[in-house]
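sequence plus the predicted model coming up.
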Amino acid sequence: MTMTAERDAVAAAKPTSITMAAALNRALADALSQDETVLVFGEDVGTLGGVFRVTDGLAATFGQSRVFDTPLAESAIVGTAIGMAMNGLRPAVEMQFDAFAYPAFEQITSHLAKLHNRTRGRVSLPIVIRIPYGGGIGGVEHHCDSSEAYYTHTPGLRVVTPGTPSDAYALLRQAIECPDPVIFLEPKRRYWSKETAVLDHRSSTVDRAVVRRSGTDVTLIAYGGTVATAMEAAEAARQDGRSVEVIDLRSLSPFDDETVVASLRRTGRAVVVHEASQFGGYGAEVAARLSEQCFHYLEAPILRVAGFDIPYPPPKLEQHHLPSVDRILDAFDRLQWEDTSTLERRST
């Protein structure tokens, strides 16, 4: 290890106060520095540093041969990345906004997700597609979609979303090192959230959920932008005398059955939270999996708190559309809690 690398390792081991956007920038910079096959490209990621400045300064540091702008052609961005990966490179590309990725959907589902299987494992595609997703920024339609269910429904893709700055760093580093294609969903409403943490990508695994808060009465399952909301709801519920366990899924596909099932078998109740519309949403898959594996442990039906089944609303109305602490607490109230008199009757 060189002296520079040693200094970098020491610096990385110290707790750092950092935003999610800065943590993602650091992850890309470290990956570019440590692996010359890593490339970063997309619309306005070079000179401008991205719409959310996640790639700020990378082109100046690593040169325009490794960090560069592309035309406004998402299908071409992903198609080019596939060709690069087939020839030994590791592209990390950016789709500027969630709904802007749809023109590349055919490349993603028909080629990126299938080539490894189509070639019987001879071709690997270590590509990361970064997609800022979700609402909470006062954006208009085409800028606030939660499109995770499209990708999780596609075999051959890993789908990951961080809920904290430290996870943003760790999961992006692991995604870039992964031999499989990864859809990396970045909750844009949390880009400016801060956390003091050690940035380390070796202490966790990309496909494992984490328990953010321990509890005994109900399991609250969240991911991405809803993790912070879930933590607020858990604290509010504590003041009402309910102990809430909060699970941050992190990996949407593959799904960490072990961690979530263990939690629900302890608590007997579960609520799933996501910003996407409820009908056909990711929460339906979570509820189905847990119902199949935990049916005899359930004290109440598994509930979902999600966006309404409408196109994304105008900015002034999004606060009503997005899952909130009050809506989560209302779901808790619908979980068929037994009152004291019932418990007393059973004890006698």
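Great, that's in hand.

if you count residues, where's the longest strand of this protein?
strand 270-277 (DSSP state E).

that one: which residues count as buried?
Buried residues in strand 270-277, counting neighbours by 16 or more other C-beta atoms under 10 Å, are found at Ala270, Val271, Val272, Val273, His274, Glu275, Ala276, Ser277. Yep, even glycine has a C-beta here, placed from its N, CA and C like the rest.

please list all residues in contact with the last one.
So the one you mean is Ser277. Ser146, Ala306, Gly307, Phe308, Asp309, Ile310 (C-beta atoms under 8 Å, 6 or more residues apart in numbering).

so how far is the longest strand of the chain off the chain centroid?
For strand 270-277, the separation from the chain centroid amounts to 13 Å (computed by C-alpha atoms, centre = their mean, to the nearest Å).

note down every partner strand of that strand and its orientation.
strand 218-222 (parallel), strand 303-307 (parallel) (DSSP bridges).

so for the next helix or strand after the first one, what's the average pLDDT?
Scanning forward in sequence from strand 218-222 by DSSP states H and E, the next helix or strand is helix 227-239. Helix 227-239 shows a mean pLDDT of 97 in the predicted model.

CA atoms of the helix or strand following helix 227-239 as CSV?
Note on helix 227-239: by DSSP H and E, the next helix or strand toward the C-terminus is strand 244-248. Backbone C-alpha positions of strand 244-248 (Å, rounded to 0.1, in the frame of the first residue of the first chain) are rendered in CSV as follows:
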residue,chain,number,x,y,z
VAL,A,244,-41.7,-0.2,16.5
GLU,A,245,-38.9,-2.2,14.8
VAL,A,246,-37.7,-0.3,11.6
ILE,A,247,-36.1,-2.3,8.8
ASP,A,248,-34.3,-0.6,5.9
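
please identify the most buried of the strands paired with strand 270-277.
Across those, averaging neighbours per residue (mean count of other C-beta atoms under 10 Å) puts strand 218-222 on top, at a mean of 28.

which residues in the stretch 1-150 of the chain form helices?
3-12, 20-34, 58-62, 74-86, 105-107, 115-118, 148-152 (DSSP state H, counting those that start in this stretch).

so can I have TSV of those helices showing distance to Tyr191 and mean pLDDT?
Shown next, in TSV, are the helices of the stretch 1-150 of the chain (distance: least, C-beta to C-beta, whole Å; pLDDT from 0 to 100):
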stretch	distance to Tyr191	mean pLDDT
helix 3-12	21	47
helix 20-34	4	97
helix 58-62	16	97
helix 74-86	21	98
helix 105-107	24	97
helix 115-118	32	96
helix 148-152	17	98
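
mind checking which of these is nearest Val325?
Val325 lies closest, by C-beta to C-beta, to one member of the helices of the stretch 1-150 of the chain: helix 20-34, at 20.5 Å.

can you list the buried residues in the closest one?
Neighbour-count burial for helix 20-34 [16+ other C-beta under 10 Å]: 20-32.

Serialize these to JSON lines and add fields for distance to Pro132.
Below are the buried residues of helix 20-34 laid out as JSON lines (distance: C-beta to C-beta, whole Å):
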{"residue": "Met20", "distance to Pro132": "11"}
{"residue": "Ala21", "distance to Pro132": "10"}
{"residue": "Ala22", "distance to Pro132": "15"}
{"residue": "Ala23", "distance to Pro132": "14"}
{"residue": "Leu24", "distance to Pro132": "10"}
{"residue": "Asn25", "distance to Pro132": "13"}
{"residue": "Arg26", "distance to Pro132": "17"}
{"residue": "Ala27", "distance to Pro132": "15"}
{"residue": "Leu28", "distance to Pro132": "14"}
{"residue": "Ala29", "distance to Pro132": "18"}
{"residue": "Asp30", "distance to Pro132": "20"}
{"residue": "Ala31", "distance to Pro132": "18"}
{"residue": "Leu32", "distance to Pro132": "20"}
